[in-house]
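Asker: Below are the sequence and a predicted model for it; my questions follow.
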Amino acid sequence: MCTIPPPPPPMLPEISSPIKTVNVTEGISPSIDPSICKWATEHPELWESCVKNNICVDKPPYKYKYKWFESILQIGPTCGLVALSMLVNGEATPDELLSIAKLQGFTSNGEMFSCKQMAKLAEKAHSLAEIDNVRCLLKQGGLFSTDTVERLLNGAILLVPYDADCNHSPCLRNGHTAHWALVCGIIIVENTGIELDPKNIYVLCKHGKSKYLALWNLSDLAKSNNNLWEFSPKKGADGLVYILPIGGIGGDDGLRDQFLVFDQF
C-alpha cells in the first residue's frame, strides 16, 4: 500500500474543475438572484450547490479547493465501486471493478465493507486506468482534523464511508445505511480564528445515488464515519449474500473511523 509524505503548506484558494459554459441558473428557481455567489459562476455544479445550501452566496469563502468529477449513478449496492470509478474518471468502470472485487473475494453483490480491501482495489483501479502519479493512504481516525483540512486544501481526494440519511447526507444510524462518498473539495467559509471550527468547514462530495454535487459539514461527516458499528440487520435478512470483514464493519478490518486519502505527486 502506498503512503503519503507530509503535505506542503496550504495553497491559496483555487478551483481545479474545468470551466463550463452552462447557464448557472438552469434548474434553479427563478426567484434566486443570478448575481449571487459570483465567485463560483464559472463552475455551475459548485455554484448550484452553494446556492442551494446558502453557503458563501454573498462573498467568496476564506479558503476553498474543488476538483470536478463526472457523476456516475450506481446500480445495486455498488456505491463504493462507483465512487472509486469516479475517482479514476471512469477509466475503470463500476462493472470492471465489480469483477475484480469478486475475484479478490472482497464482495458478492458490489458491497464494500472494508477500507483495507478498498485500498487494495483502488491500487488495481489506478493500474487499470494507467494512472501512476497518485499515492494512497489508509487513515484510521482524524477525518475532522487539521491534517485532513490541509490535505484537501492541497488537492487531496478522499473516499469516505458514512451513514446516509434519506437525502444521502451524513447521519447516525449505527452503520445500518453505510454508503461511500468521494470527497472532492473543501470550503472554509470565514477566518474565524478557530483552527477547527465545526460550523465553518464544509466538504464537496459526489456519490452514486445522485448526479448533483453535495455540500456537507465536515464535522458531521466525521461523526457519521465514526458511527459505522454494525451491518444492517434489515439487509442481513434480505436473502442476499454479503461479504463482511472479520470483526464486522465496526472492526479494524471494516469501515468505522477509517477513510482513504489520494494525493497526486
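Answerer: In hand now; what should we look at?

Asker: what about the closest residue to residue 242 other than its chain neighbours, how many neighbours?
Answerer: The shortest distance from residue 242 to any non-neighbouring residue, by C-beta to C-beta, 6 or more residues apart in numbering, is to residue 111 (5.3 Å). Just so you know, the C-beta spots here come from the backbone N, C-alpha and C atoms, and that holds for glycine as well. Residues within reach of residue 111, counting by other C-beta atoms under 10 Å, total 25.

Asker: My understanding was that residue 111 contacts residue 77; is that so?
Answerer: Yes: under the criterion of C-beta atoms under 8 Å, residue 111 makes contact with residue 77 at 4.7 Å.

Asker: ok so, going back, assumed the residue nearest to residue 242 was part of a strand.
Answerer: No: looking at residue 111 with DSSP: H, G, I helix; E, B strand; the rest coil, it is coil, so not inside a strand.

Asker: what about it, distance to residue 66?
Answerer: According to C-beta to C-beta, to the nearest Å, residue 111 and residue 66 sit 29 Å apart.

Asker: what does residue 183 give?
Answerer: Distance, residue 183 to residue 66, using C-beta to C-beta: 11 Å.

Asker: Which neighbours do those two have in common?
Answerer: residue 204 (C-beta atoms under 8 Å, 6 or more residues apart in numbering).

Asker: Who has more neighbours out of the two?
Answerer: Per other C-beta under 10 Å, whichever of residue 183 and residue 66 has more neighbours is residue 183, with 28 against 22.

Asker: Make sure the more buried one is actually in contact with residue 203.
Answerer: Yes: assessed by C-beta under 8 Å, residue 183 is found in contact with residue 203 at 5.0 Å.

Asker: Find the residues that touch each one of those two.
Answerer: The contact lists of residue 183 and residue 203 share 152, 158, 221, where a contact means C-beta under 8 Å, 6+ apart.
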